[in-house]
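Q: Could you look at this predicted model? Sequence included:
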Amino acid sequence: MDELKKIFLAGVGMTSTSIEKAEKLINEMVEKGRVTVQEGKELQTELTRKATGIVPATKAELENLPFAKKEDVEALEAKMDAINAKLDQLLNK
């Protein structure tokens, strides 16, 4: 399967038309029994990933991104609510 995958991916361009043609070719290969359904799905997934340049991230990688987590946002909202309450008290005196 690895050799087939390498040959197949090497021959496929990275345009959407080529991807559509490649998917049809994969489906034909599955129908003719040249590859299993699972291998066909793997080929399509890898083709799409390589064509789009998108690599699935692991949970650990996502957790290490420099974005605020839900808990961080909730903590900031609570602090802002406390600051707004104190500000309202000062302005209403």
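A: Cool, the structure landed.

Q: The longest helix seen in the chain - what's its average pLDDT?
A: Longest among the helix segments of the chain by residue count, using DSSP state H, is helix 70-91. Summarised as a single mean, pLDDT over helix 70-91 is 94.

Q: before we move on, what about stretch 46-58?
A: On average, stretch 46-58 scores 71.

Q: can you give me the end-to-end distance of it?
A: Terminal residues of stretch 46-58 are spaced 16 Å apart (C-alpha to C-alpha, to the nearest Å).

Q: What number of residues are in the vicinity of Gln89?
A: Using other C-beta atoms under 10 Å, Gln89 is surrounded by 9 other residues. No exception for glycine: its C-beta is placed from N, CA and C like everyone else's.

Q: Tell me how far it lies from Ile83.
A: 11 Å (C-beta to C-beta, to the nearest Å).

Q: Distance check, Gln89 against Glu77.
A: Taking C-beta to C-beta, one finds Gln89 at 19 Å from Glu77.

Q: likewise Lys86?
A: 15 Å.

Q: Ok, Glu42 next?
A: Taking C-beta to C-beta, one finds Glu42 at 44 Å from Glu77.

Q: Have a look at these two and say which one is more surrounded.
A: Neighbour count, other C-beta under 10 Å: between Glu42 and Glu77, Glu42 has more, with 15 against 10.

Q: For that one, give its distance to Pro66.
A: 33 Å.

Q: can you check Ala78 too?
A: Using C-beta to C-beta, Ala78 is found at 22 Å from Pro66.

Q: These two: who's more crowded?
A: Each of Ala78 and Pro66 has its neighbours counted (other C-beta under 10 Å); Ala78 has more, 10 against 4.
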